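S.K.: could you work out the structure for the sequence below:
(chains A and B)
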There are 2 protein chains.
Amino acid sequence: MSIARELRVEGQRIGLVPTMGALHEGHLSLVDRASSTCDKVVVSVFVNPLQFGPAEDFGRYPRDLARDAELAFTRGVDFIFAPSVEEMFPAGFGTFIDVDQLSGRLEGASRPGHFRGVATVVAKLFNIIHPSFAFFGRKDAQQSILIKRMVRDLSIDVEVVICPIVREADGLAISSRNAYLDVEQRAAAVVLRRALERCRTLYSGGERDSARLIQAMRSILAAEPLASVDYVAITDTRDLSQILVISPDSPALVSMAVRLGHTRLIDNIVLNGDL
Amino acid sequence: MSIARELRVEGQRIGLVPTMGALHEGHLSLVDRASSTCDKVVVSVFVNPLQFGPAEDFGRYPRDLARDAELAFTRGVDFIFAPSVEEMFPAGFGTFIDVDQLSGRLEGASRPGHFRGVATVVAKLFNIIHPSFAFFGRKDAQQSILIKRMVRDLSIDVEVVICPIVREADGLAISSRNAYLDVEQRAAAVVLRRALERCRTLYSGGERDSARLIQAMRSILAAEPLASVDYVAITDTRDLSQILVISPDSPALVSMAVRLGHTRLIDNIVLNGDL
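M.R.: Numbering: from 1, shown residues only, chains lettered A, B, ... in the order given. Below you'll find the model as predicted:
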């Protein structure tokens, strides 16, 4: 991407917002944040096959580049980078990045290979676009932690900025996959947020025991017949190891994955700080 | 490395020669090549623990930074980057790069994990130093092929230059590990080169069958009582797959690893071209 090289030589600060397209207010909040920090904002649009499992929704993931481009440019984006799969992963491609300790937990336990795909494509995007800053949403908390770790471990010259979750009016975290939900599932989907808020309330009331907090969240999720829990976890934000008793001194990631029909939703809060 | 960033902004071409120190004429030939192409030459000196197996010579690998620095600066090097293990791989480090298809063959079969260590440290050096060009010796042929593949796969913005093998007067490929050899082993070590030359002679005479070429090389190696063969192989330079019958249209890597006492030496030639 010779544009990136030219901008770099001119000393401009490039902000990258990596996306899989299907842009929504969550992505656009990253664009806004990037615009406030950087001279030029690049949005990458790439539905990355490496990060989908064989039984996942790679084929039906929503794709509409024209709409994405209009949304992005209207919001002030300077460049869109939308490579084909063949450009990113030509025949014979075989180099992969693993962030060992972090990849197998939570999402990684449910989605083997997912984070190898994420780390590999993000590193490649960084190498192509050379951003000074890259913006990720905290909804994908594990991805955010993993990218920060990769950047630190490999001394990648980019500042990773993690931005807050953007929610619908009823509290559902905005996600491209929300489009898969039918009306009843959509109504039921607020249960993730409700469970997380219950956790925060109990924590504020003094509860520090993870097992009891998780039990309280699971009770709320269990009361929703359309929802089936994949995991509910309270983990250390640094290494995603389980926290048994939450200390007020270190951030705790409270995260969950819940299925509504065939749609798998994730959500999280962070107690005592941020990622 | 803020120097690298400044040089980059100034548009200078940085050449990187990654080494594990113990500099010899092989390394210095890379420095010469870098000087002829680049505005500034950086030599990294780092004995990378990730690329040594537990039974290998990490502990006794020769280290003499003062001598290396003198040799390098005398030869016109501009910067030496000599980080500590703790700087490169602090506690909690856990991100690794695998070049799948290429890592398990030849050297990788004998040295599990070696190329994961090589790829990871080289990518990290690239990220720290931001070279425009990086120079590697063809003696480490598989490493050269693997780094080129990694750079291509991950779109790393560096041109990898592979330079010829530098040899002693009697033909032994120069290597820091030659220092481990006693007088008798040193004399015996020319057998690698002799076997490779025999292969080239037979090939020039029309022999195209890999099995017969390998057999001829193994006969020469077997006649040297101090030598024990690790492998002798004829492989495709692109993917290191075995070649059964050499075609004049595609380069073939003829490579070997041979032990002399506890010292493991490698050498190679390329028929029909280069890496």
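S.K.: wait, A:Leu196 touches A:Asn268, no?
M.R.: Yes - if you go by C-beta atoms under 8 Å, A:Leu196 and A:Asn268 touch, sitting 7.1 Å apart. C-beta here means a position set from N, CA and C on the backbone, and glycine is covered the same way.
S.K.: overlap of the contact sets of those two?
M.R.: Taking C-beta atoms under 8 Å, 6 or more residues apart in numbering or on different chains as the contact rule, A:Leu196 and A:Asn268 both touch A:Val254, A:Met256.
S.K.: name the nearest residue to the closest residue to chain B within the stretch 101-250 of chain A, ignoring sequence neighbours.
M.R.: Relative to chain B, the nearest point of the stretch 101-250 of chain A is A:Asp153 (3.6 Å; C-beta to the nearest C-beta). Nearest-residue entry for A:Asp153: B:Thr95, 3.6 Å, with adjacent residues in sequence omitted and distances by C-beta to C-beta, 6 or more residues apart in numbering or on different chains.
S.K.: ok, now which ones touch the one you found?
M.R.: A:Ile97, A:Asp98, A:Val99, A:Asp100, A:Ala119, A:Arg149, A:Met150, A:Asp153, A:Leu154, B:Thr120.
S.K.: quick one, phi/psi of it?
M.R.: Here is the backbone geometry of B:Thr95 (degrees, to the nearest 10): phi -110, psi 130.
S.K.: sorry, back to before: any quick ChimeraX command for the buried ones out of the contacts of B:Thr95?
M.R.: Here is the ChimeraX selection string for the buried members of those, based on 16 or more other C-beta atoms under 10 Å in any protein chain shown:
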select /A:97,98,99,119,149,150,153,154 /B:120
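S.K.: which one is A:Arg258 nearest to, not counting chain neighbours?
M.R.: Quick fix: residue A:258 reads Val, not Arg. Nearest to A:Val258 is A:Ala227, by C-beta to C-beta, 6+ apart, at 5.1 Å.
S.K.: who's the one you found bridged to?
M.R.: Note on A:Ala227: beta-bridge partners by DSSP bridges are A:Leu260.
S.K.: one step back: need phi/psi at the residue of the stretch 101-250 of chain A closest to chain B.
M.R.: Torsion angles, degrees, to the nearest 10, at A:Asp153: phi -60, psi -40.
S.K.: report the beta-bridge partners for the closest residue to chain B within the stretch 1-150 of chain A.
M.R.: Residue of the stretch 1-150 of chain A nearest chain B, by C-beta to the nearest C-beta: A:Thr95 (3.6 Å). Residues in a beta bridge with A:Thr95, per DSSP bridges, are B:Val99.
S.K.: how near is the closest residue to A:Gln185 other than its chain neighbours to A:Gln101?
M.R.: Of all residues not flanking A:Gln185 in the chain, A:Leu260 sits nearest, at 4.2 Å (C-beta to C-beta, 6+ apart). Computed as C-beta to C-beta, to the nearest Å, the A:Leu260 to A:Gln101 distance reads 30 Å.
S.K.: between the two, which one's more packed in?
M.R.: Counted by other C-beta atoms under 10 Å in any protein chain shown, A:Leu260 and A:Gln101 do not tie: A:Leu260 has more neighbours, with 24 against 17.
S.K.: enumerate every residue touching the more buried one.
M.R.: A:Leu260 sits in contact with A:Leu181, A:Gln185, A:Ala188, A:Ala189, A:Leu226, A:Ala227, where contact means C-beta under 8 Å, 6+ apart.
S.K.: can you give me the strands in the stretch 51-200 of chain A?
M.R.: Under the criterion DSSP state E, counting those that start in this stretch, strands of the stretch 51-200 of chain A are mapped to A:79-81, A:95-99, A:133-137, A:159-163.
S.K.: now do the buried residues in stretch A:158-169.
M.R.: Counting neighbours by 16+ other C-beta under 10 Å, one finds that the buried residues in stretch A:158-169 are A:Val158, A:Val160, A:Val161, A:Ile162, A:Cys163, A:Ile165, A:Val166, A:Arg167, A:Glu168.
S.K.: sorry, wrong one. I was asking about stretch A:44-59.
M.R.: A:Ser44, A:Val45, A:Phe46, A:Val47, A:Asn48, A:Leu50, A:Gln51, A:Phe52, A:Asp57, A:Phe58.
S.K.: quick one: it to chain centroid distance?
M.R.: Centroid displacement of stretch A:44-59 relative to its chain, using C-alpha atoms, centre = their mean, to the nearest Å, is 14 Å.
S.K.: now that stretch: average pLDDT?
M.R.: For stretch A:44-59, the mean pLDDT works out to 96.
S.K.: that one near chain B at all?
M.R.: No - applying C-beta under 8 Å from any C-beta of the partner chain, one finds stretch A:44-59 separated from chain B by no less than 11.5 Å.
S.K.: and that stretch, how far apart are its ends?
M.R.: Distance between the two ends of stretch A:44-59: 19 Å, counting by C-alpha to C-alpha, to the nearest Å.
S.K.: just to revisit the earlier point, wait, the residue nearest to A:Val258 sits on A:Met256?
M.R.: No - using C-beta under 8 Å, A:Ala227 makes no contact with A:Met256, being 10.0 Å away.
S.K.: what does the stretch 101-250 of chain A put close to chain B?
M.R.: A:101-102, A:119-120, A:123-124, A:127-128, A:130, A:149-150, A:153-157, A:238-239.
S.K.: residues touching A:Phe46, list them.
M.R.: Counting by C-beta under 8 Å, 6+ apart, A:Phe46 makes contact with A:Pro18, A:Thr19, A:Met20, A:Gly21, A:Phe81, A:Ala82, A:Pro83, A:Met88, A:Val121, A:Leu125.
S.K.: which secondary structure element is home to the first one?
M.R.: Remark: A:Pro18 resides in strand A:14-19, with elements defined by DSSP states H and E.
S.K.: ok, A:Leu265 next?
M.R.: strand A:263-271.
S.K.: what is that strand packed up against?
M.R.: For strand A:263-271, the elements it packs on are helix A:190-204, strand A:252-260, judged by 3 or more C-beta pairs under 8 Å, 6 or more residues apart in numbering or on different chains; DSSP states H and E.
S.K.: that one pairs with which strands, and in what direction?
M.R.: Applying DSSP bridges to the sheet, strand A:263-271 is found paired with strand A:252-260 (antiparallel).
S.K.: now do the buried residues in the partner strand.
M.R.: Neighbour-count burial for strand A:252-260 [16+ other C-beta under 10 Å]: A:Ala252, A:Leu253, A:Val254, A:Ser255, A:Met256, A:Ala257, A:Val258, A:Leu260.
S.K.: repeat for stretch A:260-274
M.R.: By neighbour count on 16+ other C-beta under 10 Å, the buried set for stretch A:260-274 is A:Leu260, A:Thr263, A:Arg264, A:Leu265, A:Ile266, A:Asp267, A:Asn268, A:Ile269, A:Val270, A:Leu271.
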